[in-house]
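>>> A predicted structure for the sequence below; I have some questions about it.
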Amino acid sequence: GQQVMQIPQYQHVQEGEDFTTYCNSSTTLSNIQWYKQRPGGHPVFLIQLVKSGEVKKQKRLTFQFGEAKKNSSLHITATQTTDVGTYFCGASTSGTYKYIFGTGTRLKVLA
Amino acid sequence: NAGVTQTPKFRVLKTGQSMTLLCAQDMNHEYMYWYRQDPGMGLRLIHYSVGEGTTAKGEVPDGYNVSRLKKQNFLLGLESAAPSQTSVYFCASRDGPREYFGPGTRLTVT
């Protein structure tokens, strides 16, 4: 079945450093979503990417969808302690009502 | 507007006991989902529903049953709990691409 691999599993950065997490699928995706889960909390929707090669920005966060629609990345510039949490990608193929989530990348920011 | 709520928040069960987790949403969403989250495993889909009266299996449905008798409620049942079902359970409802998650239920089976 469809699988979504997410790397790295963990990342510790100094405050002010950049951070990137990657999602890779074995199959072509119709769209991909990104979620953030704070420690002890629940996942919260960040963004959806739909088009091949799409790039979207939210303040210090940059999201990219690969040209082949098989991979995506989330980049955070100049991390802050408020960025701490686990970042998940959720992917779907056309004709399905469900997402397959990546295993998540847990980000720790050291002040 | 409460969004997605889940009851209970915490529960401890003995092996073989049964229980039902309740998810309720007040956003009139058609699609609802049950996930389990285990360390290092991300979110895995147990069952989902695309509308009142419908249910379908996800990735890890064994040992669970669901019902969607009313549009706003999605129930997850464990008929005979096993230690392998110790997990955090999240319910979600969906509007377009966006899933709205409940606060979760932490279940421990001893």
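Perfect, thanks for sending it. Everything numeric in this text was worked out from a predicted model, so none of it was measured.

>>> excluding its backbone neighbours, what's nearest residue A:108?
residue A:12 (4.6 Å; C-beta to C-beta, 6 or more residues apart in numbering or on different chains). For every residue, glycine as well, the C-beta is placed using N, CA and C.

>>> could you measure that neighbour against chain B, distance?
As for residue A:12, its distance to chain B is 17 Å (criterion: C-beta to the nearest C-beta, to the nearest Å).

>>> So residue A:64 versus residue A:89, what's the distance?
From residue A:64 across to residue A:89, the span is 11 Å (C-beta to C-beta, to the nearest Å).

>>> Following element in sequence after the strand or helix carrying the residue nearest to residue A:108, please.
For residue A:12, the host element (DSSP states H and E) is strand A:10-14. Later in the chain than strand A:10-14, the nearest helix or strand by DSSP H and E is strand A:19-25.

>>> Show me what secondary structure element comes after that next one.
Past strand A:19-25, the next helix or strand by DSSP H and E is strand A:31-37.

>>> Now that next one: average pLDDT?
Average pLDDT, strand A:31-37: 96.

>>> Who are the packing partners of that strand?
If you count contacts as 3 or more C-beta pairs under 8 Å, 6 or more residues apart in numbering or on different chains; DSSP states H and E, strand A:31-37 packs onto strand A:43-49, strand A:71-76, strand A:85-92, strand B:98-101.

>>> Now for residue A:64 and residue A:89: what residues contact both?
By the contact definition C-beta atoms under 8 Å, 6 or more residues apart in numbering or on different chains, residue A:64 and residue A:89 are jointly contacted by residue A:72.

>>> SS state for the residue nearest to residue B:73 when sequence neighbours are not counted?
Sequence neighbours aside, residue B:24 is the residue nearest to residue B:73 in space, at 5.3 Å (criterion: C-beta to C-beta, 6+ apart). Classification of residue B:24 using DSSP: H, G, I helix; E, B strand; the rest coil returns strand.

>>> Do I have it right that residue B:24 meets residue B:68?
No: if you go by C-beta atoms under 8 Å, residue B:24 and residue B:68 don't touch, sitting 11.5 Å apart.

>>> Spell out which parts of chain B neighbour chain A.
Residues of chain B lying close to chain A (C-beta under 8 Å from any C-beta of the partner chain) are B:31, B:33, B:35, B:40-45, B:48, B:50, B:56, B:58-59, B:90, B:92, B:97-104.

>>> let's see 6 Å
Within reach of chain A by C-beta under 6 Å from any C-beta of the partner chain, chain B has these residues: B:31, B:42-43, B:45, B:48, B:50, B:97-98, B:101, B:103-104.

>>> The strand or helix carrying residue A:6 and chain B, are they touching?
For residue A:6, the enclosing helix or strand under DSSP H and E is strand A:4-7. No: Strand A:4-7 is not in contact with chain B by C-beta under 6 Å from any C-beta; minimum separation 7.4 Å.
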